[in-house]
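K.L.:
Sequence first, predicted coordinates after that:
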Amino acid sequence: MDTNSIKNKIAWKIYFVWLFKRVIPLFVMELVFLVLAFWLLGKLVFVQQVFTNAFLASVQNPFTVAAYLFNSFMDTDPLKQIVVVVLLGLGVLFMRDIGRALISYSTTSRVAKQK
Amino acid sequence: METNNLKDEEILALSQEDPAYFSFLVDKYKDAFLRAARGITRNLEEAEDIVQETFVKIYKYAGNFEKRPGIEFKSWAYRILINTSITHYQKLKKERGNTEYLDPVLYEGDVPAFTENKNIGLERDMKEGVAKAIAKMPEHLGRVLKMYYFDDKTYEEIAKAEKISMPALKMRMFRAKRVFKKMAEGNI
C-alpha cells in the first residue's frame, strides 16, 4: 500500500480546491476592477500624450521619468489621482495573489514529495 | 512549519489560508482512514479513492465544522469517512448488480444505540462495524438508516429526501432495523 502516493494526490487535490475556492475568485474580482480602473483612466487621461512626454523626458535623463510622472500625478485633479491610486492598489493585490499561488504551489510540490 | 502544539481544528483552520498545513492532518489520519475504508469496502483501490475523497470533503467543508463547537475533529472526520465509504460501497454494489433484497417478515429487532457511546475509540469501532453492515444492506434500507443514525436527520427530513410518506418511511425503517439486526448477528 503506497500511502505516500495517496498523500501526494491528496496534497494536489487540496491545492486545487484552495486555488479555485480562495484564489481564483479573488483573481477574477481584482481583474474586473483592474480593467474597469484602466478603462476609466483611459477616459480621463490622454494616456498617449503622457507616454510621449515621459519618453521625451527620458531622452534627456532616464531618471527624470519618475519625477515627470510624480509631478504629473500631483498636478492632476483629485478624481484622476484617486483612479491612479486605486489602479496601483489593485495591481499590488493582484501581484500579491499571484505570489501567494506560486509560493503555495512550490510548498505543495515539496510536501507532496516528502516521504 | 511547526504544528506540534496545535489541535487538529487549528491546523484545519490554518490550512484554509495555506493548504500545505493540511498535509499534517493527512499524515496523522491517512493510515487509520485507509484501514477503516478497506474494512468496509474490502477493496484497496476503492479504499484509496474513499480516503482521498474524504480528505477533500474535510477540507472543503471545514467551515461547517468550525460552526459546530464542542465536536471533536476526529469524530467529525470519521463521520465523513464512514458516510463516504457507505456511498462508495453502495455505488459499487449497484454497478455489480448484486443488491440483495431481503424478506422483511423474517427479521425483527432494533439498532444498537451506538450514538450514545461517549468513548470515541469504541464509538468509532462501533460506527465502522455499523457502517460495514449498512453498506452491505439493500441500498434503500441502508440509506434510511444512514440518514437517521449518521446524518442525524429527522423522520420528516428523511421522508422528504426519499420522497415517500411518513407511514412508508416508518415501515422502511422497521424493515431496515430488522435486516440490520440479522446482519449484526451474523445470519446474513
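P.N.:
Sure, I can see it.
K.L.:
And the helices in the chain?
P.N.:
Going with chain A. A:3-18, A:24-44, A:47-60, A:64-75, A:78-113 (DSSP state H).
K.L.:
you looked at the wrong chain, it should be chain B
P.N.:
Listed in chain order, the helices of chain B (DSSP H) span B:8-15, B:22-41, B:44-60, B:62-66, B:73-96, B:120-136, B:139-149, B:155-162, B:166-184.
K.L.:
Worst mean pLDDT among those?
P.N.:
Among the helices of chain B, helix B:120-136 has the lowest mean pLDDT, at a mean of 68.
K.L.:
how about the nearest residue to residue B:132, chain neighbours excluded?
P.N.:
residue B:40 (5.0 Å; Cβ to Cβ, 6 or more residues apart in numbering or on different chains). Heads up, the C-betas are built off the backbone N, CA and C, glycines and all.
K.L.:
mind listing what that neighbour touches?
P.N.:
Shown in contact with residue B:40 (Cβ atoms under 8 Å, 6 or more residues apart in numbering or on different chains): B:47, B:50, B:82, B:85, B:86, B:89, B:128, B:131, B:132, B:135.
K.L.:
Now do the contacts for the closest residue in space to the third one that isn't next to it in sequence.
P.N.:
Spatial nearest neighbour of residue B:82, chain neighbours left out: residue B:131 (4.3 Å); criterion: Cβ to Cβ, 6+ apart. The contact partners of residue B:131, taken as Cβ under 8 Å, 6+ apart, are B:40, B:82, B:85, B:86, B:150.
K.L.:
Spell out which residues make up each domain of chain B.
P.N.:
B:1-99, B:109-188 (automatic domain parsing).
K.L.:
Might you quantify the distance of the last one from its chain's geometric centre?
P.N.:
A distance of 11 Å separates the C-alpha centroid of domain B:109-188 from that of its chain, computed with Cα atoms, centre = their mean, to the nearest Å.
K.L.:
Show me what from chain B comes close to chain A.
P.N.:
B:15-20, B:22-23, B:26-27, B:30-31, B:34, B:44, B:48, B:51-52, B:55-56, B:59-60 (Cβ under 8 Å from any Cβ of the partner chain).
K.L.:
Narrow the residues you listed to those that are buried.
P.N.:
Neighbour-count burial within the residues of chain B next to chain A applies to B:15-16, B:19-20, B:22-23, B:26, B:30, B:34, B:48, B:51-52, B:55-56, B:59; the criterion is 16 or more other Cβ atoms under 10 Å in any protein chain shown.
K.L.:
tell me the contacts of the residue nearest to residue A:37 when sequence neighbours are not counted?
P.N.:
Sequence neighbours aside, residue A:87 is the residue nearest to residue A:37 in space, at 4.4 Å (criterion: Cβ to Cβ, 6+ apart). With contact set as Cβ under 8 Å, 6+ apart, residue A:87 has these partners: A:34, A:37, A:38, A:41.
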